[in-house]
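>>> Here's my sequence, what's the structure:
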Amino acid sequence: MSGSGQGEDAPQPGLTLARGQGIALWRQISQRLERDIATGAHKPGGRLPTEAELASEYRVNRHTVRRAMEELEGRGLVRIEQGRGSFVAEDVVDYRLGPRTRFSENIRRQNREPGGRVLRIVEIAAETGLAEQLGIRRGRPVLVVERMGLADGRPLVLGTHHFPASRFGRMAELLRANPSITAALAACGVPDYRRRVTRITARLPTPEEADLLQQSRNRPVLVAEAVNTDPEGEVVDVTFSRYAAGRAQLVVES
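Numbering: from 1, shown residues only. Take a look at the predicted model:
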């Protein structure tokens, strides 16, 4: 930290930058933070010093620190959360998409603890596209369930599920008691279900999605649209999932 009577270039153990030698100061800060992450000085998921703290330690302005952090974020080494600070990026989860994709099984397979909570449940009238996917008439009631999936307590995915309300009228009650979609479907007489099709795209998150996933608004989300069917081939659910791209990569299995 700076002390009285010390100049801009006064030496400070471990935090001295090479000035005037052709290497940008922001790049030197970025390299040192990367080294500290690699050696374990900053642990995965751990909070990094604030811009103000780093600017004081390295005796630079905050814009220089911000440039270093943006470079690290662009390379996936840190994540910057609006209003919360900067954190060391965790290991990426290989999230497998196959005929029988189950969130909890996927997460436990990688020695992580799954979790989930229901954010909201509403009933809407099916518009034409959704009605066709669900195999119901336009305007029929559809139960929309917004759910967050977590790995080791960190938000990983937001899922918006659409169920035909005429068949799954108990779904809202069941999910308020237990946020497991699989368990709720089983209680409604669907003990097994399979993906008929999955479409994967990527886009920038909405402000709400970024806040819920605790990620920067300039980092993309991976979007997977899935149609799930029961053993008889009848559609039970159309889901739109948004995965935090910095924490998950989608692995498609046949």
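>>> quick one, phi/psi of Asn106?
phi -60, psi -40 (degrees, to the nearest 10).
>>> Let me fix that, I meant to ask about Glu73.
When read as degrees, to the nearest 10, the backbone of Glu73 gives phi -70, psi -40.
>>> Look up which helix or strand the closest residue to it other than its chain neighbours falls in, please.
With CB to CB, 6 or more residues apart in numbering as the criterion, Glu73 has its nearest non-adjacent residue at 5.3 Å, and that residue is Ile80. To be clear about C-beta, it is placed using only N, CA and C from the backbone, and glycine gets the same treatment. Assigned by DSSP states H and E, Ile80 belongs to strand 78-81.
>>> Same check on Gly76?
Counting by DSSP H and E, Gly76 is found in no helix or strand.
>>> Can you report phi and psi for Gly139?
Backbone phi and psi, for Gly139 under degrees, to the nearest 10, turn out to be phi 90, psi -10.
>>> From Val122, how far off is the residue nearest to Glu73?
Distance of Ile80 to Val122, given as CB to CB, to the nearest Å: 32 Å.
>>> Could you do Ala184 as well?
Distance from Ala184 to Val122, counting by CB to CB: 16 Å.
>>> Next: Gly85.
On the measure of CB to CB, Gly85 and Val122 end up 33 Å apart.
>>> of the two, who's got more company?
The neighbour count for Gly85 versus Val122, taken as other CB atoms under 10 Å, is higher for Gly85 (13 against 10).
>>> Contact partners for the more buried one?
Gly85 is in contact with 47-48, 50, counting by CB atoms under 8 Å, 6 or more residues apart in numbering.
>>> That one bridge partners, please.
Here Gly85 shows beta-bridge partners Glu81, assigned using DSSP bridges.
>>> before we move on, the earlier item: where neighbours are concerned, which of the contacts of Gly85 has the most?
Going by other CB under 10 Å, Leu48 tops these with 20 neighbours.
>>> The closest residue in space to that one that isn't next to it in sequence: how many residues sit nearby?
Of all residues beyond its chain neighbours, the one nearest Leu48 is Ser86 (4.4 Å), with distances taken as CB to CB, 6+ apart. When neighbours are counted by other CB under 10 Å, Ser86 registers 24.
>>> Quick check: Ser86 vs Arg96, distance?
Taken as CB to CB, the span from Ser86 to Arg96 is 30 Å.
>>> and if you look at Leu156?
Taken as CB to CB, the span from Leu156 to Arg96 is 13 Å.
>>> With neighbour numbers in mind, choose between the two.
Taking neighbours as other CB under 10 Å, Leu156 and Arg96 compare with Leu156 leading, 25 against 15.
>>> sec struct for that one, please.
strand (DSSP: H, G, I helix; E, B strand; the rest coil).
>>> Is it in contact with Val92, as I believe?
No. Using CB atoms under 8 Å, Leu156 is not in contact with Val92, being 10.4 Å away.
>>> okay, and the common contacts of these two?
By CB under 8 Å, 6+ apart, the residues touching both Leu156 and Val92 are 247-248.
>>> Of all the helices and strands in the protein, which has the lowest average confidence?
strand 78-81 (a mean of 82; mean pLDDT, DSSP states H and E).
>>> for that strand, packing partners?
In this structure, strand 78-81 packs against helix 62-74, strand 85-88, with contacts taken as 3 or more CB pairs under 8 Å, 6 or more residues apart in numbering; DSSP states H and E.
>>> In this structure, what residue spans correspond to strands?
Ranges of strands within the chain are 78-81, 85-88, 93-97, 114-125, 141-151, 154-164, 194-203, 221-229, 235-244, 248-252, based on DSSP state E.
>>> Comparing these, which yields the minimum mean pLDDT?
Mean pLDDT is lowest for strand 78-81 out of these, coming in at a mean of 82.
>>> can you give me how far that one is from the chain middle?
11 Å (CA atoms, centre = their mean, to the nearest Å).
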